[in-house]
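A predicted structure for the sequence below; I have some questions about it.
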Amino acid sequence: MVRIKVPATTANIGPGFDSLGCALSLYAVIDFEETDAGLLIDGCEPAYQNEENLMVAAYDLTMKRLNMQRKGLHIRFHSDIPISRGLGSSAALLVAGSMAANVLHGNTLDKGEILDICNQIEGHPDNVAPAIYGGLTASLVEADKPYSVRYPINEQACFCVLIPNFQTSTHEARKILPAQVDFKDAVYNVSRTAVLCRALETWDEELLTIALNDRLHQPYRSQLIHEYDKIRQICLKHGAAAFFISGSGPTCIALSKHADFSKRLAEDLKQCRHLWQAIDLKADLKGVESEEI
Ligand SMILES: Nc1ncnc2c1ncn2[C@@H]1O[C@H](COP(=O)(O)OP(=O)(O)O)[C@@H](O)[C@H]1O
Ligand SMILES: N[C@@H](CCOP(=O)(O)O)C(=O)O
């Protein structure tokens, strides 16, 4: 039996659409045990207790890569990562399933191969890469193959995640994006993404505020997020260095160097309708971990 611990992730980080991502200190812990036959999944909603489950899909694709076939599987699932909120729940499941199959069958695949398998299912590497490697990652895809590099992130960086009481689907939030962008907007994002990676390392607050802006996805997706403007104003009023949509939303993130930033927001959040929950997180630097038990 193997226990997999995998972090939540925030993708895009403002201008780095489908490229930047950071692992966060919020986790799913999942046990995988091979059995003689059948599939048993404990701990998640009945709707997900079947062969369609993303953990199972990633497990099976990894077994295929290993030229093996799954017999039976018992999964015990516990996750603090909310579903369909923009914190990479689907990537966490994929990474856990792929990693489990690998560890239970000789541990012959490296992290690059796990990334490749998970990206095949997820379709973009910006959540799965930090879930695997930890920390801040930048990724690209060339001829269907994902490549990721890791950037240092300043230890002062605090991510106050604001999670509302409604969901949005990543699939739907991708459909509303335009098919083409203005050249000036492309330059706006490319320049900010490059500068942002260094500003996150040095913690240059002036640059972080400017570089964390985006013209590719947030102007469209903010319309799907109830109370977006109100939440943004609250966070900036209380001293956030920057505010951005986590992944495809609806979770938003206030970036600051204050480890208890959520406390500053508590009173104002009571005035909002969508029961925004504020949680103070740090970057997770380890990425997925496995332990044979
Ligand atoms: N416990 C779970 N078991 C199986 N599938 C899940 C589970 N949690 C989430 N999912 C799948 O992941 C999807 C959510 O992924 P997505 O829309 O990409 O949002 P996010 O990754 O930001 O949470 C769900 O619609 C479901 O298909
Ligand atoms: N780059 C993707 C990231 C989606 O992240 P999720 O956590 O919302 O699934 C996008 O912006 O569509």
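Arrived safely. On a predicted model such as this, the values are computed, not experimentally measured, just so you know. Numbers count the residues shown, from 1 in each chain. Ligands and ions are numbered 1, 2, ... in the order given.

which parts of this structure sit against ligand 1?
Residues of the chain lying close to ligand 1 (C-beta under 6 Å from any ligand atom) are 44, 48, 53-54, 77, 83-90, 93, 169-170, 247. Yep, even glycine has a C-beta here, placed from its N, CA and C like the rest.

mind checking the end-to-end distance for stretch 214-227?
Length of stretch 214-227, first residue to last, C-alpha to C-alpha, to the nearest Å: 19 Å.

Buried residues, that stretch. List them.
Buried residues in stretch 214-227, counted by 16 or more other C-beta atoms under 10 Å: 214-218, 221, 224-227.

go on, stretch 159-169?
By 16+ other C-beta under 10 Å, the buried positions in stretch 159-169 come out as 159-164, 168.

Restricting to C-alpha, output it in PDB.
Extracted C-alpha coordinates of stretch 159-169, given in PDB (Å, rounded to 0.1, in the frame of the first residue of the first chain):
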ATOM      1  CA  PHE A 159      -1.000  33.500  -0.200                       C
ATOM      2  CA  CYS A 160      -4.300  34.300   1.400                       C
ATOM      3  CA  VAL A 161      -6.800  32.300  -0.600                       C
ATOM      4  CA  LEU A 162     -10.400  33.500  -0.700                       C
ATOM      5  CA  ILE A 163     -12.800  30.700  -1.500                       C
ATOM      6  CA  PRO A 164     -16.500  31.500  -2.200                       C
ATOM      7  CA  ASN A 165     -19.500  29.200  -1.600                       C
ATOM      8  CA  PHE A 166     -20.000  28.600  -5.400                       C
ATOM      9  CA  GLN A 167     -18.100  26.600  -8.000                       C
ATOM     10  CA  THR A 168     -17.100  27.300 -11.500                       C
ATOM     11  CA  SER A 169     -15.900  24.600 -13.900                       C
END
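
Show me what P7 bridges to in the sheet.
Residues in a beta bridge with P7, per DSSP bridges, are Y27.

Distance-wise, check it relative to ligand 2.
Distance, P7 to ligand 2, using C-beta to the nearest ligand atom, to the nearest Å: 12 Å.

And for E289?
Remark: distance between E289 and ligand 2 (C-beta to the nearest ligand atom) = 20 Å.

Mind putting the buried residues of stretch 214-227 into a markdown table with distance to E142, pLDDT and secondary structure?
Shown next, in a markdown table, are these (distance: C-beta to C-beta, whole Å; pLDDT from 0 to 100; DSSP: H, G, I helix; E, B strand; the rest coil):
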| residue | distance to E142 | pLDDT | secondary structure |
| --- | --- | --- | --- |
| D214 | 23 | 98 | coil |
| R215 | 25 | 98 | coil |
| L216 | 20 | 98 | coil |
| H217 | 22 | 98 | coil |
| Q218 | 26 | 98 | helix |
| R221 | 26 | 97 | helix |
| L224 | 31 | 94 | helix |
| I225 | 32 | 97 | coil |
| H226 | 38 | 97 | coil |
| E227 | 39 | 98 | coil |
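
Turn those residues into a markdown table, columns for distance to ligand 2.
Shown next, in a markdown table, are the buried residues of stretch 214-227 (distance: C-beta to the nearest ligand atom, whole Å):
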| residue | distance to ligand 2 |
| --- | --- |
| D214 | 10 |
| R215 | 14 |
| L216 | 9 |
| H217 | 6 |
| Q218 | 10 |
| R221 | 8 |
| L224 | 11 |
| I225 | 12 |
| H226 | 16 |
| E227 | 18 |
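
residues touching the residue lying closest to K282 once chain neighbours are set aside, list them.
Once flanking residues are discounted, K282 sits nearest to S25: 4.9 Å by C-beta to C-beta, 6 or more residues apart in numbering. For S25, the contact set (C-beta atoms under 8 Å, 6 or more residues apart in numbering) comprises 7, 281-284.
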